[in-house]
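In: build me a model:
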Amino acid sequence: MLNKLKKWLKKWAKKPLQIALVIVFGTGIALSPWFIIPKLKGEVKSQKRIIKELKESNKLLKNDKKFLIVERRKTASDYHDLSERYFELKHAPVSRGAQRDPVLEYRAQLETFLRQRGSPLASYVDTLLVGENTTGVSAKLIVAIAMVESVGGIRNANAYNAWGRKANSHGYMAFSSWPEAILNQFNYIQNRWNSSDPHRLKGYATNPAWAKKVSSFMNQI
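Out: Okay, the predicted model is just below:
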């Protein structure tokens, strides 16, 4: 038995490379769990963090959706309640020699300004008048902001978002129609600043020349 062991050792002594490989691979297999397990734990921790972030992002998106639903219902109600009044004013006959209604004059100014610049808002002047009558915020301000932020609704930040309005979570707000977007903008200005003076809309934009640009467009209407 001892002789066999000696022969076996002499045999493998002549093969140092094979012995080294056996030792290396044997050691690697034995130690691999000590290296792999911590790495797997790190991956699991990273995945849990990503899942948590996704859940928080989803929660913010749901809050944005709820906010938009409430605003849409409110603006739709305002629009349906008052739009008929302005429709009647728009189509009311004017007797020869009679003084033209100031509301119609104002409407004509807004529409002319917007149509000359190719703005899609030109087709929703009645909605602008509804918004002004409902909130007390000047329609000129809403139009002027749209001119500065999107060339009057031509280059929008998102769907029907002509005013560069950002969402609560990230990105820009989107709307389903121009009437909804217009009335939502009126409500936003009223609720946050309740003013038609662009110089008082602190925080709306970061550009220090923004208020001056808006005022310039308001004076052109």
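In: please make it C-alpha for all contacts and neighbour counts, starting now.
Out: OK.
In: can you give me the helices in this protein?
Out: 2-13, 16-91, 102-116, 125-135, 139-150, 178-192, 210-220 (DSSP state H).
In: for the third one, packing partners?
Out: Contact here means 3 or more CA pairs under 8 Å, 6 or more residues apart in numbering; DSSP states H and E; on that basis helix 102-116 packs against helix 16-91, helix 125-135.
In: if you set the cut-off to 7 Å instead, what comes out?
Out: Under the contact definition 3 or more CA pairs under 7 Å, 6 or more residues apart in numbering; DSSP states H and E, helix 102-116 sits against helix 125-135.
In: one more: the fourth one?
Out: Helix 125-135 makes packing contacts with helix 16-91, helix 102-116, helix 139-150, helix 178-192 when contacts are defined by 3+ CA pairs under 7 Å, 6+ apart.
In: number of nearby residues for the nearest residue to residue 115 once chain neighbours are set aside?
Out: Nearest residue to residue 115, sequence neighbours excluded (CA to CA, 6 or more residues apart in numbering): residue 122, at 5.5 Å. When neighbours are defined as other CA atoms under 10 Å, residue 122 has 20 of them.
In: that older thread, mean pLDDT lowest where, among the helices of the chain?
Out: Lowest mean pLDDT within the helices of the chain: helix 2-13, at a mean of 57.
In: and residue 116, how close does it get to residue 220?
Out: The gap separating residue 116 from residue 220 is 12 Å, by CA to CA, to the nearest Å.
In: now residue 46
Out: For residue 46 relative to residue 220 (CA to CA), the value is 56 Å.
In: and if you look at residue 188?
Out: For residue 188, the distance to residue 220 (CA to CA) stands at 24 Å.
In: neighbour count winner among those two?
Out: Neighbour count, other CA under 10 Å: between residue 188 and residue 220, residue 188 has more, with 15 against 11.
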